[in-house]
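In: kindly generate the corresponding structure for this input.
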Amino acid sequence: MREIDMFTPGPAQIPVGVRLASVSALVHHRSAEFRELYARIQGGLQRLFRTAGDVLLLPSSGSGAMEAAVLNTVAPGDDVLVLAAGKYGRRWAELCRTYGARVHLHEAPDGHTFDPGLVERDLTRYRPRHLFLTHCETSTGVGHDVERLAALGRAAGATVVADTMTTIGVQPFEQDAWGVDLAVTASHKGLMSPPGAAFVAVRPEAWSRLRTDLGYSYWNLRHLRESGLDHTVPNTPPVAALLGVAAGLDLIEAEGLERVWQRHAQASAVCRAGLVALGLPLYPRADPAAALSVARLPDDPRARGLLDELTERFRLRIAAGQGELKGRILRIGHIGAVRPLDLLPVLTALEILLLERGLVDEPGRAAQAMAQSLWHLTAPEADTREPVGSAR
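Out: Okay, the predicted model is just below:
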């Protein structure tokens, strides 16, 4: 049976070369080979995060990196302001409560972003020790202006912690220049690698803001940093995932980070053109992130089971909505190695299912709209080389 092609916001489609790298060797984490691998990953991730600081390796999913960020910043009783506009923003609030913070939740409706003036008002009102925010709210597809929000947090004297799970290696992020103290991501997103590894980037000035009273903990960033000085980790790492990460970083370096950002922007524009052509309203309409395209499903019984059939018949997996949005939206991920042209089969297959269910009355709309979008995006460019590491 043909394997399923992933077009979710994570795990991303893994290029063949990255897969092979992840099973290429058994490397012991106390060997010279691992120290070389660690240094290679460290340098590559510093360039992606745009930081001169440490990027610490965790054997976990992205949620482990989020918990590590909270544990190392939040002391019991600390006032914390969390900006939430979806499931993952609210996860920051849940974690901070778990570790004893007084959480002040600043919410925007799902699919919307924040009014900087209102955020500044709450920063003045609560004077939080820490500000937690999200770059891309993957549950809704909305992108937040981390640069501006981080500047507000810094001006208020707060530690700024950002979830950058689906933006690192996907769209511009400048940790040091924007003053983001801690930022987190995982291997199976923009790094186009197998799940199993997560990363916490700490800008150089941020170490003075981290807790010094923690004893032994699997998530203690100071312990990870100390081991990192010798290019290793304190506990057994997910070596296979890290070998894949190193190979993924090589592909990004070969393509060039700015070209990677541009490719993701083009893929998102092309995908959204196809969705609009199918009569599926975009969600959100404003401030979409580059990692995924989100659209409302028809409020019609004939739309039930649409995503399951897309997987069963066409071996293409896209993501459904979560929580209150379950059954109401679809989410198409175009992160990692995905090119704009890779999305044509996805939208075409989706169009076929809508046609068969009587929810669309004319074939070919999606492909035509996507081709027109891609033409307008790329026609002025003299350099039309395909990116390295195609997903297909």
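In: and the strands in the protein?
Out: 5-6, 54-58, 79-84, 102-107, 130-134, 136-137, 142-143, 159-163, 182-186, 198-202, 292-296, 316-317, 319-320, 329-333 (DSSP state E).
In: all helices of the stretch 51-200 of the chain, in order?
Out: Here the stretch 51-200 of the chain has its helices, by DSSP state H, counting those that start in this stretch, at 62-73, 87-98, 116-126, 146-155, 175-178.
In: out of those helices, flag the one nearest Leu374.
Out: helix 146-155 (28.2 Å; CB to CB). For glycine as for every other residue, the C-beta is placed from the backbone atoms N, C-alpha and C.
In: tilt between the longest helix along the chain and strand 329-333?
Out: Longest helix in the chain by number of residues, with DSSP state H as the criterion: helix 257-277. Helix 257-277 and strand 329-333 meet at an angle of 150 degrees, taking axes from the mean of the first three to the mean of the last three CA atoms, to 10 degrees as the criterion.
In: ok, and what's touching helix 257-277?
Out: 47-48, 169-172, 252, 255, 282, 288-293, 295, 332, 334-335, 338-340, 342-344, 346-347, 365-370, 372-374, 377-378, 387 (CB atoms under 8 Å, 6 or more residues apart in numbering).
In: next step: the residues you listed restricted to helices.
Out: 47-48, 252, 255, 344, 346-347, 365-370, 372-374, 377-378.
In: buried among those residues? Need that as a selection in PyMOL.
Out: Typed into PyMOL, the line below selects the buried ones among the ones in helices among the contacts of helix 257-277, using 16 or more other CB atoms under 10 Å:
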select buried, resi 48+252+255+344+346+347+365+366+367+369+370+373+374+377
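In: separation between Ala75 and His130?
Out: Using CB to CB, to the nearest Å, Ala75 is found at 10 Å from His130.
In: list the buried ones in stretch 263-283?
Out: In terms of neighbour count (16+ other CB under 10 Å), stretch 263-283 has its buried residues at 263-278, 280, 282-283.
In: could you do stretch 59-79 as well?
Out: Of the residues in stretch 59-79, those buried (16+ other CB under 10 Å) are 59-62, 64-74, 78.
In: what's the closest of these to Gly196?
Out: Using CB to CB, these come closest to Gly196 at Pro59, 6.9 Å.
In: ok so, going back, by mean pLDDT, show me the worst of the strands of the chain.
Out: With a mean of 93, strand 5-6 has the lowest mean pLDDT of the strands of the chain.
In: for that one, packing partners?
Out: strand 316-317 (3 or more CB pairs under 8 Å, 6 or more residues apart in numbering; DSSP states H and E).
In: list the contacts for the residue minimising distance to the centre of the chain?
Out: Centrality entry for the chain: nearest residue to the mean C-alpha point is Thr166, 0.9 Å, by CA atoms, centre = their mean. Thr166 makes contacts with Pro9, Gly10, His135, Cys136, Thr138, Lys189, Gly190, Ala289, Ala291, Leu292, Ile335, as judged by CB under 8 Å, 6+ apart.
In: got the contact list for the closest residue in space to Arg30 that isn't next to it in sequence?
Out: In space, and not counting its chain neighbours, Arg30 is closest to Thr232: 6.7 Å by CB to CB, 6 or more residues apart in numbering. Residues counted as contacts of Thr232 (CB under 8 Å, 6+ apart) are His29, Arg30, Phe34, Arg35, Tyr38.
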